[in-house]
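[1] Please work out how this folds:
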Amino acid sequence: MWMATEFFRQFGNEVGISLTPAANGRLEVYVDGEKIFDRHEEDGKYPDLTRVRELRNVIQAKVDAAPDPNA
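    All right, here's what the predicted structure looks like:
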């Protein structure tokens, strides 16, 4: 899935990202255990490029807000 490639290419192992496909076309995206996308909640639409960019911004904000483990 290209969406996973986009997320992992940008963030690598900086954050725990989980894409969970499920029955009936369900697709959920979790970042460090928090759901940030649910296809069912978005009227069954798969994320387009604009929506993936929005999700990347959400992930980036979480990375930026996380405490520095080296501090």
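[2] which SSE is the residue nearest the centre of the chain in?
    Residue closest to the average C-alpha location in the chain (Cα atoms, centre = their mean): Val29, at 4.7 Å. Val29 is located in strand 26-31, with elements delineated by DSSP states H and E.
[3] Just give me how far whichever helix or strand comes after that strand sits from the chain centre.
    Using DSSP H and E, the next helix or strand after strand 26-31 towards the C-terminus is strand 34-38. Here the centre of strand 34-38 is set off from its chain's centre by 7 Å, with Cα atoms, centre = their mean, to the nearest Å.
[4] Check stretch 9-29 too.
    Computed by Cα atoms, centre = their mean, the chain-centroid distance of stretch 9-29 equals 6 Å.
[5] Which residues does the longest helix anywhere in the chain contact?
    As assigned by DSSP state H, the longest helix anywhere in the chain is helix 49-65. Helix 49-65 has contacts (Cβ atoms under 8 Å, 6 or more residues apart in numbering) with 3, 6-7, 10-11, 14-15, 17, 29, 31-32, 34, 36-37, 42, 47. Placement of C-beta: from N, CA and C, glycine included.
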